[in-house]
Each structure stands twice: as C-alpha cells, then as structure tokens.
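Asker: Need a 3D model of the sequence below.
(2 chains)
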Amino acid sequence: MTTTPTETPLIGDFTAAPTAQPLDGARIGVVTFPGTLDDRDAARAVRLGGGTPVPLWHADQSLHGVDAVILPGGFSYGDYLRAGAIARFAPVMETVVKEAGADAASSSPLPVLGICNGFQVLTEAHLLPGSMIKNDHLKFICKDQVLRVENTETTWTAQFTADELITVPMKNQEGQYVISAEELEAIEAEGRVVFRYVGENPNGSRNHIAGVTNERGNVVGLMPHPEHAVEAGYGPDDATGVREGTDGLTIFTSVVSSLAGGNQ
Amino acid sequence: MPTIVVEVMPKPEILDPQGKAIANALPHLGFTGFSGVRQGKRFELEVQGEITDELLDSARKAAAEMLSNPVIEDVVSVTVAEDI
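Answerer: Numbers count the residues shown, from 1 in each chain, chains lettered A, B, ... in the order given. I've put the predicted structure just below:
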C-alpha cells in the first residue's frame, strides 16, 4: 500500500466523527482550575455535540456570556482539604453558583455539568446534594463502566431514552457517593438520581448512584467521564468494535439542543 | 504562638475506608489489640496576638463552613492551645 504523507493512516477515522449541526448561540464554557486534566476533552466533546466551547478560567469571575458551563475532571488546587473544597471558593464559582443556584432569579437558570472532580466541586458548592469519599476498596479505578440513565428530564440528558444503558470510562480514587439517609430517600423519591451504576457497585456508592441533579434539573454531576466517549476510535469498546463507543456524546447534544429550544 | 486547634472526624455512620485499611495493617506490624481505627484531621490556626472570643467564634464558623464538610464529617472540637 502506498501512501502520501497526507494520507498517513490514523488510529481513528476522523471523518466518522458524528458532528452535529453547529448551532449559533450554543456557547458552552469549560472551566480550567489549577490541576484540571480533562478540559480539552470536554471542549472537544462540546464541539462534536454541535456547540461552541469557550475556555473559562478559575480566577476570572466573568462567564463571558456563555449559555452553559462544564466543570471538567482531574484535580483542583491539589485537592487540598477535600477534593473540590478549595475550588468552590474560586472567583468563577461565585458566578456559577449565583446563576445556577436555587435562588437564581432567572426562569432559565444556567445549565451546569460537573464531571468527576467537577461533580465534587458542585457538591462542595452545595449546588448538588451528597459528597464523595474514597472508594470503599481504596484503589484507583480505571475502566469502562455501564450506567443506566434514569432521569431524561434534565438539560443534560434530554436526548437519552428512559433507562437507556450507556458505557463511558470511569477513573477515580475518590468516587464513593455518600449522602444522609433522609436526603437519599428524598432524591430517590424526586427522581433526582440521573445515572446509576449497572452491575457490581464499583466503589461502594450509596444505592449505586453515579450521578445526580438539582431540583430544577439544570445542574447535573457524575463521576464517570462522558467526554471520553464522544468519538469513534477513542471511546470504550462497544458492539460495533474496539474503542468505537460514543455513548457520552448524547450529554453534549442534549444541552446544545436544550439551549437551541430555549432560544426559539 | 497562640493557636486554635480544630479537630474534624468522619461521621460515625460513614464507613472510613482509610481507617479500615490502617486497622487491617496494624496486626502485620505486631500491633494487636486494636479492634478499629478512624482517621480524622487536626487543623492548627495560628493567631498573632491574643485569642479573643470573636476570633474563637470565627474559628468555629470556619470549622463548620470550610474545614469540614457536614455531609461526611463532624467538627469534634475547637479549642485554644497556648503552648504549641
């Protein structure tokens, strides 16, 4: 086989990337804290989902007019004190909490997604209930994980079908979701468990909970990483082939279409 | 230097995976007789000058709102330690 330099074989087939129609106005901010690892993956996922990613900086209070915000995974401020505990006091978080929180005056509060460390930041900021502690087995997990999508009413999950099973990577040591018994009962009754681990509980999380939402459904947090399952060739293995899984993409197309709907 | 000491422990109903791992390791080093371990945190807040009631109140507030996460931890004590 002869190839010219421009035809160097690639690991993945870029042309197969299921890029949605770009929608004007769907500008989605991706926050970088000191120690954030997955901001670029999250930005790429936004683009593949049809939105325009806008980099946001932890020390900048302004959200630069974005329509939604993603707090990506990795670490933040060395995770000193507790994971996400210092990041909660970052200038950018003041604005995020104000615009996304329960007392947000707006009838359409800011959609916010927290992934992994970003989920921990959202619980520390009291935008989401519960907290995370070390995995019950104390080991770092890195594997593909099956989740069930149990709430398709949120801004971030509107395009999933009810109880859809998805596979996305998961990588953490501090992912055991804990919550008081009363609050657990309340969020279960209100249908605020958005993602649940399927099969063996990977980390000891209460009721196999992998992700939750707030009362208004605009804020969602989850431990696994949907932004690592958005592009064929780089995702988890699935029925169609090795690393072909793109189940995470629906999160990003969901928010983009929710925003487009809201703008009409 | 006058110091305010804040002690934070995981809530009793929260299983403490780190404490459990330590408890399992103790007998390997010959430390037997301990049936359980729980691991917490101790913060030393240093003060320039005198510790006033106002400052102590502020330390209690910091302990409740920042040094601990009430979902998973309890503030066990906020005390003054003069000779650290």
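Asker: and the gap between A:Arg44 and chain B?
Answerer: Noted for A:Arg44: a distance of 32 Å to chain B, by Cβ to the nearest Cβ, to the nearest Å. The way it works is simple: take the backbone N, C-alpha and C, and place the C-beta from them, glycine included.
Asker: quick one, what contacts that residue?
Answerer: A:Arg44 makes contacts with A:Pro53, A:Glu227, A:Val230, A:Glu231, as judged by Cβ atoms under 8 Å, 6 or more residues apart in numbering or on different chains.
Asker: Would you tell me what helix or strand the third one is located in?
Answerer: Read it as A:Val230. Assessed by DSSP states H and E, A:Val230 sits outside every helix and strand.
Asker: re the thing from before, in CSV, list the contacts of A:Arg44 along with distance to A:Val121 and neighbour count.
Answerer: Output for the contacts of A:Arg44, formatted as CSV (distance: Cβ to Cβ, whole Å; neighbours: other Cβ atoms under 10 Å in any protein chain shown):
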residue, distance to A:Val121, neighbour count
A:Pro53, 19, 22
A:Glu227, 16, 31
A:Val230, 22, 29
A:Glu231, 25, 25
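Asker: Of those, which pair is most distant in space?
Answerer: Pairwise distances across the contacts of A:Arg44 (Cβ to Cβ) peak at 14.3 Å, for the pair A:Pro53 and A:Glu231.
Asker: out of the contacts of A:Arg44, who's nearest chain B?
Answerer: When these are compared for distance to chain B (Cβ to the nearest Cβ), A:Glu227 wins out at 26.0 Å.
Asker: so that closest one touches A:Asp38, yeah?
Answerer: Yes: under the criterion of Cβ atoms under 8 Å, A:Glu227 makes contact with A:Asp38 at 6.1 Å.
Asker: what is in contact with these two at once?
Answerer: Residues touching both A:Glu227 and A:Asp38 (Cβ under 8 Å, 6+ apart): A:Pro72, A:Ile115.
Asker: Grab the nearest non-local neighbour of the residue of the stretch 51-200 of chain A found nearest chain B.
Answerer: Proximity of the stretch 51-200 of chain A to chain B (Cβ to the nearest Cβ) peaks at A:Ser131, 4.1 Å away. Closest residue to A:Ser131 apart from its sequence neighbours, by Cβ to Cβ, 6 or more residues apart in numbering or on different chains: B:Val71 at 4.1 Å.
Asker: List the residues that contact that neighbour.
Answerer: A:Thr123, A:Pro129, A:Gly130, A:Ser131, A:Val178, A:Ile179, A:Ser180.
Asker: Look up how far A:Glu153 lies from the first one.
Answerer: This points to A:Thr123. 21 Å (Cβ to Cβ, to the nearest Å).
Asker: which one of those two has more residues nearby?
Answerer: Higher neighbour count among A:Thr123 and A:Glu153: A:Thr123, with 27 against 12, using other Cβ atoms under 10 Å in any protein chain shown.
Asker: tell me the secondary structure for that one?
Answerer: Of the three states, A:Thr123 takes helix according to DSSP: H, G, I helix; E, B strand; the rest coil.
Asker: Bridged to the nearest residue in space to it that is not next to it in sequence, which residues?
Answerer: Distances taken as Cβ to Cβ, 6+ apart place A:Ser131 nearest to A:Thr123, at 5.0 Å, with adjacent residues excluded. Going by DSSP bridges, A:Ser131 is paired in beta bridges with A:Val178.
Asker: was I right about A:Ser131 contacting A:Ser180?
Answerer: No: in this structure, A:Ser131 is not within contact of A:Ser180 by Cβ under 8 Å, at 9.9 Å.
Asker: So for these two, which residue has more residues nearby?
Answerer: Counted by other Cβ under 10 Å, A:Ser131 and A:Ser180 do not tie: A:Ser131 has more neighbours, with 25 against 18.
Asker: Please name the residues that touch the more buried one.
Answerer: Here A:Ser131 is in contact with A:Gln120, A:Thr123, A:Glu124, A:Tyr177, A:Val178, A:Ile179, B:Asn69, B:Val71, B:Ile72 (Cβ under 8 Å, 6+ apart).
Asker: what about A:Val194, which helix or strand?
Answerer: Using DSSP H and E, A:Val194 sits within strand A:193-197.
Asker: That strand: what's the following helix or strand?
Answerer: Taking DSSP H and E, what comes next after strand A:193-197 is strand A:209-213.
Asker: What pairs with the next helix or strand after that next one, parallel or antiparallel?
Answerer: On the C-terminal side of strand A:209-213, the closest following helix or strand by DSSP H and E is strand A:219-222. Partner strands and pairing direction for strand A:219-222 (DSSP bridges) are strand A:112-115 (parallel), strand A:209-213 (antiparallel).
Asker: Which SSE is immediately downstream of strand A:219-222?
Answerer: Next along the chain after strand A:219-222, taking DSSP H and E as the criterion, comes helix A:249-263.
Asker: my guess is A:Pro91 meets A:Leu63, correct?
Answerer: No: contact between A:Pro91 and A:Leu63 fails when scored by Cβ under 8 Å: they sit 10.8 Å apart.
Asker: tell me which residues of stretch A:118-136 are tucked away?
Answerer: Neighbour counts using 16 or more other Cβ atoms under 10 Å in any protein chain shown place A:118-125, A:127-136 of stretch A:118-136 among the buried residues.
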